[in-house]
Structure formats: C-alpha cells, structure tokens
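Colleague: 3D, please:
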Amino acid sequence: MRLPRFKLTVYGRPECHLCQEMVDALEELQAPYAFNFNFVDIDENPRLVMLYGTIVPVLLGNGQEICRHHLDFPALKAFLDTRPSQKSE
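Modeller: Residues are numbered from 1 along each chain as shown. Next comes the predicted model:
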C-alpha cells in the first residue's frame, strides 16, 4: 500500500445520509488513490454552519472545493492528478 499523498476534508453532519455515502465512497478509494481524509461535523462550529449549512457534504482538498452533495469521482481524480504531492499529517 502506498503512503497517502493527500489530505482531504469532508464537511458535513454525522446523521446526514449524503455525508455518510460520501465518507463510504472515500473509504473505498483511499488506498488505491493514496489519500487521507477527515470528517468535520459542521454543527460543532457556528462559522461552519453558516458556510455549509444546507450544502453538505462538501469535500475540500487544500481549501479548494472538489465537490458537494455527492462524490464526484472525475473531479476528485482530477484534483489528485493535478496537485503536487504533499506529506500527510
């Protein structure tokens, strides 16, 4: 297994079925595409609720929005293919 090159962030809510679907899809793609991701519960931060309240889940990489609502695999792959390698934390 390759070491993760990228760190992505999913902004969402734990009880959101679309958020869970995105997390499940990312978990399946994690090893083959060498990335890590974390899930941020927007309800723990009022600023995040204002930013993402009705559009979750939102997937970001390096602060850049990759997709929202559903995992857009072509957009994710384009992001991973064009970003320079980064060490994960």
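Colleague: which parts of the longest helix seen in the chain are buried?
Modeller: Ranked by number of residues, the top helix in the chain under DSSP state H is helix 17-33. By 16 or more other C-beta atoms under 10 Å, the buried positions in helix 17-33 come out as C19, M22, V23, L26, L29, Y33. C-beta here means a position set from N, CA and C on the backbone, and glycine is covered the same way.
Colleague: Let me see the ranges of the strands in this protein.
Modeller: Secondary structure of the chain by DSSP state E: the strands cover 6-12, 35-41, 58-61, 64-68.
Colleague: follow-up on the earlier one: give the other helices and strands that the longest helix of the chain contacts.
Modeller: Applying 3 or more C-beta pairs under 8 Å, 6 or more residues apart in numbering; DSSP states H and E, we find helix 17-33 packed against strand 6-12, strand 35-41, helix 73-82.
Colleague: If we use 10 Å, what do you get?
Modeller: strand 6-12, strand 35-41, strand 58-61, strand 64-68, helix 73-82 (3 or more C-beta pairs under 10 Å, 6 or more residues apart in numbering; DSSP states H and E).
Colleague: want to throw the ones you listed into TSV with mean neighbour count and mean pLDDT?
Modeller: Converted to TSV, the helices and strands packed on helix 17-33 look like this (neighbours: other C-beta atoms under 10 Å; pLDDT from 0 to 100):
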stretch	mean neighbour count	mean pLDDT
strand 6-12	20	93
strand 35-41	17	95
strand 58-61	21	97
strand 64-68	15	96
helix 73-82	13	93
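Colleague: CA atoms only: put the longest helix of the chain into PDB for me.
Modeller: Presented in PDB, the C-alpha positions along helix 17-33 are these (Å, rounded to 0.1, in the frame of the first residue of the first chain):
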ATOM      1  CA  HIS A  17     -27.200  10.200   4.700                       C
ATOM      2  CA  LEU A  18     -25.400  12.000   1.900                       C
ATOM      3  CA  CYS A  19     -22.500  12.700   4.100                       C
ATOM      4  CA  GLN A  20     -22.200   9.000   5.100                       C
ATOM      5  CA  GLU A  21     -22.400   8.000   1.400                       C
ATOM      6  CA  MET A  22     -19.500  10.300   0.600                       C
ATOM      7  CA  VAL A  23     -17.500   9.000   3.500                       C
ATOM      8  CA  ASP A  24     -18.200   5.400   2.500                       C
ATOM      9  CA  ALA A  25     -17.100   6.100  -1.100                       C
ATOM     10  CA  LEU A  26     -13.900   7.900   0.000                       C
ATOM     11  CA  GLU A  27     -13.100   5.000   2.300                       C
ATOM     12  CA  GLU A  28     -13.200   2.600  -0.700                       C
ATOM     13  CA  LEU A  29     -11.000   4.900  -2.800                       C
ATOM     14  CA  GLN A  30      -8.500   5.800   0.000                       C
ATOM     15  CA  ALA A  31      -5.900   3.100  -0.600                       C
ATOM     16  CA  PRO A  32      -5.800   2.900  -4.400                       C
ATOM     17  CA  TYR A  33      -5.600   6.700  -4.700                       C
END
